[in-house]
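Asks: A predicted structure for the sequence below; I have some questions about it.
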Amino acid sequence: MLAEWPKAVAPEPSNDKLLADFPLIMDVIRATRNLRLENKVPPKTVIHDATFTVGNKLELFQSQKVTISGLAQLDSGSMVFQNAPTEKPITAGSTVINGIEITIPLANLVDEDAERGRLQKELEEAESQIARLENLLASDFAKKAPAPVVDKERQKLTAFKETVEKLKAQLK
């Protein structure tokens, strides 16, 4: 078999600024995916009207619109990048990562009654765990068990209390 010897080509110029800013784009994509998970949006569902408040990085985000929309399952035609925040819809999920606010509307994506029932069930479970741990820590266990074991149970109690507060906030 005969083939021509490969010819050297000039390397493409690197875009150092884009390479430096790309971790921010990755963080925003990750945060958007986490926001979808937290709000139980099915993975294959394309989200319309996602809003990103990006401050002075508007040009960067506009140039990466296709990447963000493809990796976060967003409709690129209805994505909005803006400098300053605007009023959010009542049924919207939002998060902030590295100064970038991400807002996705949830009105038609989540069955509110099913979600409220699921949250209520999680709340009841967390409250029962709190009661169990408080009883355990009030018993002789706290006096007889090794300190690291007792500390671990106290940490679990604190975590469950934080979970209850988050769930109550979500139910409102």
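Replies: Here it is on my side, so go on. Computed from a predicted model, the values in this text were never measured in an experiment. Numbers count the residues shown, from 1 in each chain.
Asks: What segments of this protein are helices?
Replies: Listed in chain order, the helices found in the chain under DSSP state H are 16-38, 58-63, 65-72, 112-138, 141-144, 147-171.
Asks: Output those helices in JSON lines; the columns should cover mean neighbour count.
Replies: Bear in mind the C-beta positions are built from the backbone N, C-alpha and C, glycine included. Formatted as JSON lines, the entries for the helices of the chain read as follows, by neighbours: other C-beta atoms under 10 Å:
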{"stretch": "helix 16-38", "mean neighbour count": "15"}
{"stretch": "helix 58-63", "mean neighbour count": "14"}
{"stretch": "helix 65-72", "mean neighbour count": "16"}
{"stretch": "helix 112-138", "mean neighbour count": "14"}
{"stretch": "helix 141-144", "mean neighbour count": "11"}
{"stretch": "helix 147-171", "mean neighbour count": "14"}
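Asks: Give the closest residue to the residue nearest the centre of the chain in space, chain neighbours not counted.
Replies: With distances taken as C-alpha atoms, centre = their mean, the chain has Asn34 as the residue nearest its mean C-alpha position (2.8 Å). Leaving aside its sequence neighbours, Asn34 sits nearest to Thr95 (C-beta to C-beta, 6 or more residues apart in numbering; 7.3 Å).
Asks: mind checking how far the one you found is from Leu133?
Replies: Taking C-beta to C-beta, to the nearest Å as the measure, Thr95 and Leu133 are separated by 29 Å.
Asks: same question, Ile47
Replies: Between Ile47 and Leu133 the computed distance is 38 Å (C-beta to C-beta).
Asks: Report the buried residues of the worst-scoring helix or strand of the chain on mean pLDDT.
Replies: Using mean pLDDT, DSSP states H and E, the weakest-scoring helix or strand in the chain turns out to be strand 92-97, at a mean of 83. Of the residues in strand 92-97, those scored as buried under the neighbour-count criterion (16 or more other C-beta atoms under 10 Å) are 92-94, 97.
Asks: What is the burial count for the residue nearest to Leu109 when sequence neighbours are not counted?
Replies: If the residues on either side of it in the chain are set aside, Leu109 comes closest to Val41, at 5.0 Å by C-beta to C-beta, 6+ apart. Residues within reach of Val41, counting by other C-beta atoms under 10 Å, total 19.
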